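In: sharing a model that was predicted from the sequence below.
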Amino acid sequence: MANVKEKTGKPVAKTGKGKQRQDIEQPAVVIDPTREPIVVVDGLHIVYRVYGAGGEKGSAATALMRVVRRQNRPQMNEIHAVRGVSFVAYRGDAIGLIGTNGSGKSTLLKAIAGLLPPAGGGVYTDGQPSLLGVSAALMRDLSGERNIVLGCLAMGLTPQQTREKYDEIVEFADLKPGFIQYPMSTYSSGMGARLRFAIAAARTHDVLLIDEALATGDAKFKRRSKAKIEELRRDAGAVFLVAHNLDVIEETCNRVIWLDDGQIRMDGDPAEVIAAYTEATSK
Amino acid sequence: MNATTSDSLAEFAARHGLTKSAARPPLRKYIADLWQRRTFIWQFASSKSMAMYTSSRLGQLWQVLTPLLNAGVYFLIFGVLLGTDHGVTNFVPFLVTGVFVFSFCQRSLTAGARSVGNNLSLIRALHFPRATLPFAFVIVELQHLMVAMLVLAGIVLAFGEPITWHWILLVPALALQLVFNIGVSLIIARMGAFIRDVQQLLPFIMRTWLYASGVIFAIPAMAHKFKDHPWVIDLLAANPGSVYVELVRTSVIDSYRDDLVTLNWGTGHLWWYAIAWAVVAFAGGFWYFYRAEERYGRG
């Protein structure tokens, strides 16, 4: 049986791995007084809830017994995804986050963006960090045209700015003629990804957070989206990049943080951290 | 160059003018942010309405058919089979008005309960005042109501009621109902976001409320049954569901105003109730929703 919260009722839940989680000694945070900080992450803990995840068999009788015994619902799991992370990012930094699946990279990004509330510690930022991505606001059944407007407004652009950006987005997405009037559900996956990227890249960011696999589509679009990300990076105060492609990270970042099971395993020079990470994961 | 404890990291951040990332903005700024998103709210709502029927063959026609079929079902059961029409001269317009106006409340609350909880992916991806969602989902229902009101006007006229100046009162009545609905949706949205069971419970509450609000019978005509307990009738008549339904009825159905005179039932209090419910629900709901603003992302 997985994921039963401990009876002591302490707020910190365990993940469903069944084994004891290893605590890594966190590297001490060193402050560089000559540079201007833009993101300070201070002893951050993130716990989020997942509903409907499998636990025990969910018959009505067992559910009733659970209520009688005052146990927690097994359908609701608390996942302690980030466990005490601290670091300081400075203006101009491009920081890569690496780690195995489920190590807390995406969660950390969302916490920096202020989208997931911290269970402990805090994130302090200059300006509003935002994720590059708008897919969640779009509706598959509606036309590309409508989704561009909807996506831009959802990102906080004014109607005026939306009108100004509209042509630029259409041009960048470079869909087949006429497709912009069709519902997005009729698009091929590459076309959909291109439009989504084009909308997401239409706004500038104080702190830009990029989560994996952005350069999608054919070779030509990959090249163009890479150039676009470069452009966004130059405008942003700092960039965080999550990717499994280590080449991309080594190429674009001046610093790499290796996350392991919600904690920092290593933080420093890209070549060094990536070498250590590659060695650890290839075993 | 020195290692620091986490306490001074927060101080270090404050010294450089950094602000907490997941903090709730002050109320004034929150309201300004929400106002800035008004086009998004309208666009999101229209898009939702459009997307709702794209896969069905009759498409947008369902916006008209749904309220019509609803009215038909209630007419069949309560008008023809059970015959609850005592005290009302023109029962069909009476019933249809009741069903349409009440279902605006009902559907707003049901949508409100899901508005935050079922849109977690959106909440975890983009920054916006979370109150945008309950607002947008009530606006979707408002758009449906607009269509339903056109259908209603047709039915009322077809059953021989004249157009009078009283019809203008429809606008303030529905505006107050809208404000009330947004307020209650904000409350339910916060509850539904953290306690999913609310969504399961809501249909039963809504049905009880429907029967208590005089949608399918006239509360004034029931007064004689509760002669010993007049407070029951007072309570039913003061509940917001009944208040907004009665306001619309007295605005658009000429013969119903005469019925109320016959039953010796005053309607002057209705506007005061309507205003009070709207103000209390909206102010309370907004404040209650706002208090949990930074926590909705956790689910």
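Out: All right, it came through fine.
In: what's the spacing between the residue positioned nearest the centre of chain A and B:I187?
Out: Nearest to the geometric centre of chain A sits A:S106, at 3.4 Å (CA atoms, centre = their mean). A:S106 sits 32 Å away from B:I187, going by CB to CB, to the nearest Å. Where you see a C-beta, it was placed from the backbone N, CA and C, and this is true even at glycine.
In: related to what we said a few turns ago, give me the element the residue nearest to the centre of chain A is part of.
Out: Per DSSP states H and E: A:S106 is located in helix A:105-112.
In: show me what that helix is packed up against.
Out: strand A:37-50, strand A:77-90, strand A:94-98, strand A:120-125, strand A:129-131, strand A:207-211, strand A:238-242 (3 or more CB pairs under 8 Å, 6 or more residues apart in numbering or on different chains; DSSP states H and E).
In: mind doing that once more with 7 Å?
Out: Contact partners of helix A:105-112 among helices and strands, from 3 or more CB pairs under 7 Å, 6 or more residues apart in numbering or on different chains; DSSP states H and E: strand A:37-50, strand A:77-90, strand A:207-211, strand A:238-242.
In: quick one: the residue nearest to the centre of chain A and A:V242 touch, right?
Out: Yes - the pair A:S106 / A:V242 is scored as a contact, 6.2 Å apart, by CB atoms under 7 Å.
In: tabulate the CA atom coordinates of the lowest-mean-pLDDT helix or strand in chain B in PDB.
Out: Lowest mean confidence among the helices and strands of chain B (mean pLDDT, DSSP states H and E): helix B:6-15, at a mean of 75. Below are the C-alpha coordinates for helix B:6-15, written out as PDB (Å, rounded to 0.1, in the frame of the first residue of the first chain):
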ATOM      1  CA  SER B   6      18.400  31.100   5.700                       C
ATOM      2  CA  ASP B   7      17.200  33.800   8.000                       C
ATOM      3  CA  SER B   8      19.600  36.400   6.600                       C
ATOM      4  CA  LEU B   9      18.800  35.200   3.000                       C
ATOM      5  CA  ALA B  10      15.300  36.700   3.500                       C
ATOM      6  CA  GLU B  11      16.900  39.800   4.900                       C
ATOM      7  CA  PHE B  12      19.300  39.900   2.000                       C
ATOM      8  CA  ALA B  13      16.400  39.700  -0.500                       C
ATOM      9  CA  ALA B  14      14.500  42.500   1.300                       C
ATOM     10  CA  ARG B  15      17.600  44.700   1.300                       C
END
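In: what residues does the stretch 101-250 of chain B put near chain A?
Out: Residues of the stretch 101-250 of chain B lying near chain A by CB under 7 Å from any CB of the partner chain: B:S121, B:L122, B:I123, B:R124, B:A125, B:L126, B:H127, B:F128, B:R196.
In: one step back: just say which of the helices and strands packed on helix A:105-112 is most tucked in.
Out: Greatest average neighbour count among the helices and strands packed on helix A:105-112 goes to strand A:238-242 (a mean of 24), per mean count of other CB atoms under 10 Å in any protein chain shown.
In: give me the residues contacting that strand.
Out: Strand A:238-242 is touched from outside by A:38-39, A:89, A:91-97, A:105-106, A:109, A:112, A:207-212, A:233, A:249, A:252-253, with contacts defined as CB atoms under 7 Å, 6 or more residues apart in numbering or on different chains.
In: after that strand, next one along is what?
Out: Taking DSSP H and E, what comes next after strand A:238-242 is helix A:246-252.
In: so which elements touch whichever helix or strand comes after that next one?
Out: From helix A:246-252 onward toward the C-terminus, using DSSP H and E, the following helix or strand is strand A:255-260. With contacts defined as 3+ CB pairs under 7 Å, 6+ apart, the packing partners of strand A:255-260 are strand A:94-98, strand A:263-268, helix A:270-281.
In: right, so of those, which gets closest to chain B?
Out: strand A:263-268 (13.1 Å; CB to the nearest CB).
In: that closest one: partners in the sheet, and parallel or antiparallel?
Out: strand A:255-260 (antiparallel) (DSSP bridges).
In: for stretch B:229-238, buried residues please.
Out: Residues of stretch B:229-238 classed as buried by neighbour count (16 or more other CB atoms under 10 Å in any protein chain shown): B:I233, B:L236, B:A237.
In: okay, those in CSV with distance to B:A292 next?
Out: Listed next are these as CSV, based on distance: CB to CB, whole Å:
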residue, distance to B:A292
B:I233, 37
B:L236, 33
B:A237, 34
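In: what about those, which are in helices?
Out: With DSSP state H as the criterion, helices contain B:I233, B:L236, B:A237 from among the buried residues of stretch B:229-238.
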